[in-house]
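Student: give me coordinates for this.
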Amino acid sequence: MLDVAVAYLYGLIQGMRHALEPDHVAAVSTLVAEQRSARSSVRFAVAWGAGHGLTLILVGAILLCIRSKMPARLADCFELAVGGMLIVLGLRALVLAARAGRTGPLGRHRHGDIEHVHEHGADHLHVLRVPGWALARRPLMVGLMHGLAGSGALTAMAMGRYASPLAGVGFVALYSVGATCGMAALAGVAGVPLARLATRPGAPSVMLALTGILSIGLGVVWSWPLVGRLLSS
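Tutor: This next block holds a predicted model:
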């Protein structure tokens, strides 16, 4: 029993560490850079965590139940999709930076007691509403994609530790919770100085441009070896 508890604690801690990996930080930073408060940044990070955890648990449960690993080529395809997504998010951030530079700061928008910031007239959707909370579509979808990319390796780890599929799913679930907590904590800490910096003229454009360049650069570095491996296999 103690061994299981220690293993689950290990999964929780590893999930928090996993949230700080460069591809996750780059993807979420391009979204958080649009926000103008630490609270909004945390909500976006939790939305990412919800999508990330949902995919990990669903795919992990299937693989654990059939006691099978994800094919290496399919895992590489998911990883390549993450690289492409980083590039798209980076290009989007650059477009928003240029638009903010021409038209001024982004607009503040309210849904009842929930407030967030985006460009005027931007298409957005709240997929979950509970009192005092909202999940945005974009970080949720980004999290879903990241979860797909990481589900194969995580399931293989759980399969090697647990004979029971149920115990393995529990490990994956705690890992997902840890990743969400880690990303939310990072967004909360970073959101405070970013919110203050965003009040300065021109700062939002600079933040968006920097996060966009970071995301594109990492997306290219991330994708390049995967393209070579997929073409040669």
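Student: average pLDDT for the helix or strand harbouring residue 81?
Tutor: Here residue 81 sits within helix 72-103, counting by DSSP states H and E. What helix 72-103 shows for mean pLDDT is 85.
Student: got it, and stretch 54-67?
Tutor: On average, stretch 54-67 scores 88.
Student: same question, stretch 166-177
Tutor: Predicted confidence along stretch 166-177 averages 87 (mean pLDDT).
Student: in that stretch, which residues are buried?
Tutor: 167, 168, 169, 170, 171, 172, 173, 174, 175, 176, 177 (16 or more other Cβ atoms under 10 Å). Bear in mind the C-beta positions are built from the backbone N, C-alpha and C, glycine included.
Student: contact partners of that stretch?
Tutor: Stretch 166-177 is contacted by residues 4, 7-8, 11-12, 14-15, 18, 49, 52-53, 56-57, 60-61, 64, 147, 154-155, 158-159, 161-162 when judged by Cβ atoms under 8 Å, 6 or more residues apart in numbering.
Student: does residue 69 sit in a helix, a strand or a coil?
Tutor: Here residue 69 takes the coil state, with states given by DSSP: H, G, I helix; E, B strand; the rest coil.
Student: all further residue positions should be reported with the first residue as 15.
Tutor: New numbering, starting at 15: the last item is residue 83.
Student: so who does residue 47 touch?
Tutor: Applying Cβ under 8 Å, 6+ apart, the residues contacting residue 47 are 107, 208, 218, 221, 222, 224, 225.
Student: mind running it again at 6 Å?
Tutor: For residue 47, the contact set (Cβ atoms under 6 Å, 6 or more residues apart in numbering) comprises 221, 222, 225.
Student: which residues in this structure form helices?
Tutor: Using DSSP state H, the helices of the chain run over 16-32, 36-46, 52-80, 86-117, 151-175, 179-211, 217-246.
Student: any idea how far the residue nearest to residue 165 when sequence neighbours are not counted lies from residue 216?
Tutor: Distances taken as Cβ to Cβ, 6 or more residues apart in numbering place residue 73 nearest to residue 165, at 3.9 Å, with adjacent residues excluded. From residue 73 across to residue 216, the span is 43 Å (Cβ to Cβ, to the nearest Å).
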